[in-house]
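Peer 1: here is my input; please provide its structure:
(chains A and B)
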2 protein chains.
Amino acid sequence: MAETVTVGFEKSESGGECSSRVAVGTLLLDAATEAGCDITATCGRRGRCRSCRVKLVSGGFSPPTVQDRVQLGHDDVQENYRLACQTRVIADGRVLPAPPSSETGHQIRGDSIDSSRRDYVFDPGVRKYKIVAAIPLDENEQSSDVDAVCDALPDNIVRRLPMDLLRRLPNLLRGDSGKVTVTCFNDDIINLEAGHNSDQIFGMAFDIGTTSIVGTLIDLTSGEELASVSNVNPQAVYGADLMSRLAYGQFDEKKIAVLRGRVLSIVNEFIDEACEKANVTGDDIYKIVVVGNTCMHHLFLGIDTSYVGLAPYAPTVSDGLVIPAKDIPLKRAPNAQVCLLPIVAGFVGADTMAAILATKIYQSDEVRALVDIGTNGEVVMGSKAGLMACSAPAGPALEGGQIQHGMRAALGAIEKATIDEDVHLGVVGDLPPIGICGSGLIDLVAKMLDAGILNTMGRFRDKEFDSLPPALAARFVSQGKIRAFLLVQAGESGKDESIVLTQMDIRQLQLAKAAIYAGVLMLQELMSTNDDDLAELMICGGFGSYIDIESAVRIRLIPDLPLERISFQGNAAHIGAQLALLSETERQKAEELARTIHHVSLATRPEFQDIFVEACNLGSSKPEKLPA
Amino acid sequence: MAETVTVGFEKSESGGECSSRVAVGTLLLDAATEAGCDITATCGRRGRCRSCRVKLVSGGFSPPTVQDRVQLGHDDVQENYRLACQTRVIADGRVLPAPPSSETGHQIRGDSIDSSRRDYVFDPGVRKYKIVAAIPLDENEQSSDVDAVCDALPDNIVRRLPMDLLRRLPNLLRGDSGKVTVTCFNDDIINLEAGHNSDQIFGMAFDIGTTSIVGTLIDLTSGEELASVSNVNPQAVYGADLMSRLAYGQFDEKKIAVLRGRVLSIVNEFIDEACEKANVTGDDIYKIVVVGNTCMHHLFLGIDTSYVGLAPYAPTVSDGLVIPAKDIPLKRAPNAQVCLLPIVAGFVGADTMAAILATKIYQSDEVRALVDIGTNGEVVMGSKAGLMACSAPAGPALEGGQIQHGMRAALGAIEKATIDEDVHLGVVGDLPPIGICGSGLIDLVAKMLDAGILNTMGRFRDKEFDSLPPALAARFVSQGKIRAFLLVQAGESGKDESIVLTQMDIRQLQLAKAAIYAGVLMLQELMSTNDDDLAELMICGGFGSYIDIESAVRIRLIPDLPLERISFQGNAAHIGAQLALLSETERQKAEELARTIHHVSLATRPEFQDIFVEACNLGSSKPEKLPA
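Peer 2: All right, here's what the predicted structure looks like:
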């Protein structure tokens, strides 16, 4: 049996500590998870970011790796900072996770359906029938309890009860002299209650994103929103981006079960939380609509995602589904039917389908584009004549991942920048900055382009520094061979080091934004349209809402359209989920649409490489008057 | 907290002992069950039979009751014999159950479908498709794993997978390069296996009777019977007859759960046993047909039977059902679809429906009758023009219940009798007799009628004994005020007492047989037919097969038809279950028929009392030349 050692993890905020007993050689990140101490591994434990940084307090650990030195620098490594994803436990020891493992003030957009929105039919599909069933009284009648209930219902209701209702029926029927409240979803009986007490019908719409999960509780008798809940996806500790998450669970049933457990727990918690806020009971939730990308959709259902992460990224099931809550299981809404919207393709999931519903792009007379900017971006383009969709694997840079000082849009994140004689930063919460979030990164790069700090190829100026204002020129620094631009001095930042943007960070952003932009360019080419033909570019997704449009256009993340043709759609996936919750017509529409959308696989297109390279440029292909 | 005491139960055969710790005042019968020592309570713990007789060895128990004295007699009570259903535990004690708690050699008829039978369509509905699914390879194709499977199946197959199959699909599909064996039941996908290895499709047919349970394993590719298993219903310890069983569990969820647990356990055990006999695996059982009376049907499904035991005896569900094994749950055949045949009425259950299928009475040109003789008898009468059915609550006398020396048709049971100058008995297993079973009772009473020992009113001869052979005359004895007829002297019986038939036993038989016969008479009256019009009287049910037809006619258990118009159908319910297993056409037929059969509730008919009183007579209503 392997020798085991104990690792303690200090909790800086509370002064508390948790610990785990693990085999010698265990990865520190795994030891932390085992101890119940979540350390975020944004890059998927590949030593390519700093999110899992810890300080070794005492005890025996493996020596620092090249990744430690590259990501943390010589000084930090000397001070016993390490990447938890690179360090193995050798002997008993103690560790201080840093930065704090739970970010605060993280911005997640829920977005509700505008109450003035009138472009959908209100038909949630759930209906309560208050019947007085004729309890069998005549021996000659031969009628059963099921007959008694079904005879009192409209003819369209299917004469079939789920097993659990059948088991409860005899007592239910006689509990209040045949008075029964029958809940139906479309033509199916889904619940029975004794008496005529309850009129309440609630529903929830969930958008399970890679980064965050949002849920909204809606009164399905009125359409009124009662409560909204959101949080980061608790799977994030196993990798911030989708591919990291997929890689973590690949061909490992136990790890997939861990990922699944995390998402089920939080959805159940959200149901509780929403019900508590609205002072209702989960028993009265009868319909839940869930959207998410294919990976989240499959994990939610407990389907092995190993192959979703491998070309050709085929989903196991793409049809829309309706599943009783007990088969998921969602214990906090035991009477609900859980509806999953259909999937278009492996990386164009049910969330995109929901965004299509929300934006009604399928009804448009003119060609429009829908762009979900995120770790895994999606582009949908077309009109009522037809839609094309592709996925644009941007990677985590736009959400602060794989950026040396990257972070999510939480308190202390640099989210805006202006550059004149010097750099001026906007920070979430007006706090001393501790990192750079995606919108900040876009804004910084746009302004650095304008200021001549970067050229359109994304390279830092390497000469003629004296043509720059002195304060800017002084900000060019080096990390070994890597060039960087100093944003915040150690003394002014909210942490014990300075904040810089490196040449590698710029490259990460370029790759990310090129993926999105290349998706747009490719669909334009396939549809033989151009920017002039594009009636509207609709930006959706939680992240998209925070970016500065002018900066996004400046760095060519999105096409250079007049601003009035660019719109923010907010969290369109979540809005679409709510539409499908409020309207069976809309949910049905999604089923129909999913089969007609033409999926384009960017990577398999011969012309894609050229388009991608062109899309990497930060400015128009016309060279600007900057030193190359 | 209640004071507790320990009760030990000696096992006479093994010399072993089991014990339980129970609250003071607990019924000895319950203490025995708690200890894992099954004591049969034939009369449903009403102190009206002797089946739960025990000997108190030591310790403290409640004093003997009136029932103890009536059933056991003064001498036995003096020797510390008691009825376990009447005795309560007061202090620590030890008990010897007697007779031995498990009867041996109990006769249960399974009955198979005659292999020459050609009057049904062989279409079990289960089919295996060996497909080579096109594993998604092209990113542009957008196809899912479900698409890959369904595209390789005929169009009639519904494009929907149960949740558990969906979860296993990704690995299954790729386990053998897209080779998948898909099992369908009618148009539904019910199982998936990787590869093309398995051709095996098995099914089981179960008849869950109040007294015994029979199961047959059949190869559904050939129709060949592979194994048959049977045993007494392990619920019998909670009452031998249906009404006792229903009363035991009435309005007591825990007790219903106990009854349910017993039947589920034995069905699971039977699956195991049959598979072991035939050397096959339960995983290859894809269809199970279950028939039984409404009580057994509902208990099997976990439906509260409280109201099935109360007028108007309405079933909770009467429609035929198809339920996945996991929802029952039947863990030993996890891939099976469990089909329950429809119920006609509360006391005309799925077993009768199966007997109707088996006998094809619904196709007859002439009027026929189907009589299931048992604790709960059923009579079905009619032709292709229509069927009527009624239940005839005979009570347990015909199965030896509530008869002082009654027993089931096990080793040592008197099953036949001839009377000339004296009484000559036929005993199961040619052993010293230990009791009288139902067929023996019928034979005895018929021969006693012939010999002038009884009159047609069922009264023992009370004068002119000298006109009888002396050996017979000497057999008239008394038990207190109760007259009786001695069958076996204590010294010649297989137990330590003599075996008698009392006047009360005769009355029990009369009530029992009158119920059956009144059912026949009532349906004849309602259908305006008479014995001459009756083309055939078909006797079915496990018990019916053992009775002597002439004796049954003699005591007017069944109409006085020429013997060639009376047939034995064996365990027709079990045969019908097998037909529904082998043929979806037959199972469908049952669904259609169930809704058309006219149910007659005997008890609610004003003319029933007269018919019943008339049916109590043991001979034709013409008085015979016997002293009254």
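
Peer 1: quick check: residues of the stretch 151-300 of chain A near chain B?
Peer 2: A:Arg159, A:Arg160, A:Leu161, A:Met163, A:Leu166, A:Arg167, A:Arg168, A:Leu169, A:Pro170, A:Asn171, A:Arg174 (C-beta under 8 Å from any C-beta of the partner chain). (Glycine included, C-beta is placed from N, CA and C.)

Peer 1: ok, 7 Å please
Peer 2: By the rule C-beta under 7 Å from any C-beta of the partner chain, the part of the stretch 151-300 of chain A lying against chain B is A:Arg159, A:Met163, A:Leu166, A:Arg167, A:Leu169, A:Pro170, A:Asn171, A:Arg174.

Peer 1: you'd agree the first one is up against A:Cys150?
Peer 2: Right, the one you point to is A:Arg159. Yes. If you go by C-beta atoms under 7 Å, A:Arg159 and A:Cys150 touch, sitting 4.7 Å apart.

Peer 1: compare the two (neighbour count), which wins?
Peer 2: When neighbours are counted by other C-beta atoms under 10 Å in any protein chain shown, A:Arg159 and A:Cys150 differ, and A:Cys150 comes out ahead with 21 against 14.

Peer 1: now do the contacts for that one.
Peer 2: A:Ile157, A:Arg159 (C-beta atoms under 7 Å, 6 or more residues apart in numbering or on different chains).

Peer 1: flag every buried residue along stretch A:534-549.
Peer 2: The neighbour-count check on stretch A:534-549 (16 or more other C-beta atoms under 10 Å in any protein chain shown) flags A:534, A:536-549 as buried.

Peer 1: what's the burial count for A:Asp496?
Peer 2: A:Asp496, neighbours per other C-beta under 10 Å, totals 10.

Peer 1: ok, back up a step: quick one: which of the residues of the stretch 151-300 of chain A next to chain B is nearest to B:Asn233?
Peer 2: Distance to B:Asn233 across these (C-beta to C-beta) is lowest for A:Arg167, with 21.0 Å.

Peer 1: for the closest one, give its distance to B:Leu246.
Peer 2: Distance of A:Arg167 to B:Leu246, computed by C-beta to C-beta, to the nearest Å: 17 Å.

Peer 1: these two: which is more packed in?
Peer 2: B:Leu246 (25 against 17).

Peer 1: contact partners for the more buried one?
Peer 2: B:Cys295, B:Thr305, B:Val308, B:Gly309.

Peer 1: in a strand, that's where it is, yeah?
Peer 2: No. Using DSSP: H, G, I helix; E, B strand; the rest coil, the assignment for B:Leu246 is helix, not a strand.

Peer 1: any idea of the pLDDT on the closest residue to it other than its chain neighbours?
Peer 2: Computed as C-beta to C-beta, 6 or more residues apart in numbering or on different chains, the closest residue to B:Leu246 that is not its neighbour in sequence is B:Gly309, at 3.2 Å. What the model reports as pLDDT for B:Gly309 is 85.

Peer 1: which residues touch B:Gly309?
Peer 2: By C-beta under 7 Å, 6+ apart, the neighbours of B:Gly309 are B:Met243, B:Leu246, B:Ala247, B:Gln250.

Peer 1: for chain A, what's the longest helix?
Peer 2: helix A:253-278 (DSSP state H).

Peer 1: that helix: what's the following helix or strand?
Peer 2: Heading C-terminal from helix A:253-278, the first helix or strand you meet, by DSSP states H and E, is strand A:285-292.

Peer 1: quick one: that next one to helix A:253-278, angle?
Peer 2: 130 degrees (axes from the mean of the first three to the mean of the last three C-alpha atoms, to 10 degrees).

Peer 1: what residues does strand A:285-292 touch?
Peer 2: A:124-126, A:183, A:185, A:190-191, A:201-209, A:220, A:271, A:300, A:330, A:333, A:335-341, A:349-351, A:353-354, A:573, A:576-577, A:580-581.

Peer 1: if you set the cut-off to 6 Å instead, what comes out?
Peer 2: A:126, A:183, A:201-208, A:333, A:335-341, A:350-351, A:354, A:573, A:577, A:580-581 (C-beta atoms under 6 Å, 6 or more residues apart in numbering or on different chains).

Peer 1: list the buried residues of the longest helix of chain A.
Peer 2: A:256, A:258-260, A:262-264, A:266-271, A:273-275, A:278.

Peer 1: which elements pack onto it?
Peer 2: With contacts taken as 3 or more C-beta pairs under 6 Å, 6 or more residues apart in numbering or on different chains; DSSP states H and E, helix A:253-278 sits against strand A:212-219, strand A:225-232, helix A:242-249, helix A:294-301.

Peer 1: residue ranges with poor pLDDT in chain A?
Peer 2: A:1-2, A:12-15, A:42-44, A:48, A:99-110, A:114-116, A:118, A:542, A:620-628 (pLDDT under 70).

Peer 1: just the ones of the contacts of strand A:285-292 in helices?
Peer 2: Using DSSP H, the contacts of strand A:285-292 in helices are A:Ala350, A:Asp351, A:Ala354, A:Ala573, A:Ala577, A:Ala580, A:Leu581.

Peer 1: just the CA trace of stretch A:402-420, in CSV.
Peer 2: C-alpha atoms of stretch A:402-420 as CSV (Å, rounded to 0.1, in the frame of the first residue of the first chain):
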residue,chain,number,x,y,z
GLN,A,402,-4.2,31.8,-19.7
ILE,A,403,-3.4,35.4,-19.2
GLN,A,404,-0.6,35.9,-16.7
HIS,A,405,-2.5,38.3,-14.6
GLY,A,406,-5.9,37.3,-16.0
MET,A,407,-9.0,36.9,-13.8
ARG,A,408,-12.7,36.8,-14.2
ALA,A,409,-14.8,40.0,-14.0
ALA,A,410,-14.8,40.0,-10.3
LEU,A,411,-13.9,42.7,-7.7
GLY,A,412,-10.5,44.1,-8.4
ALA,A,413,-10.5,43.2,-12.1
ILE,A,414,-9.2,45.8,-14.6
GLU,A,415,-12.1,46.2,-16.9
LYS,A,416,-11.5,49.4,-18.8
ALA,A,417,-8.5,51.5,-19.9
THR,A,418,-7.8,54.9,-21.4
ILE,A,419,-4.3,55.8,-22.6
ASP,A,420,-3.2,59.4,-23.1
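
Peer 1: give me the contact list for that stretch.
Peer 2: A:43, A:48-49, A:103-107, A:396-397, A:399-400, A:424-429, A:431, A:433-437, A:439-440, A:443-444, A:447, A:451, A:494, A:499, A:502, A:505, A:508, A:546.
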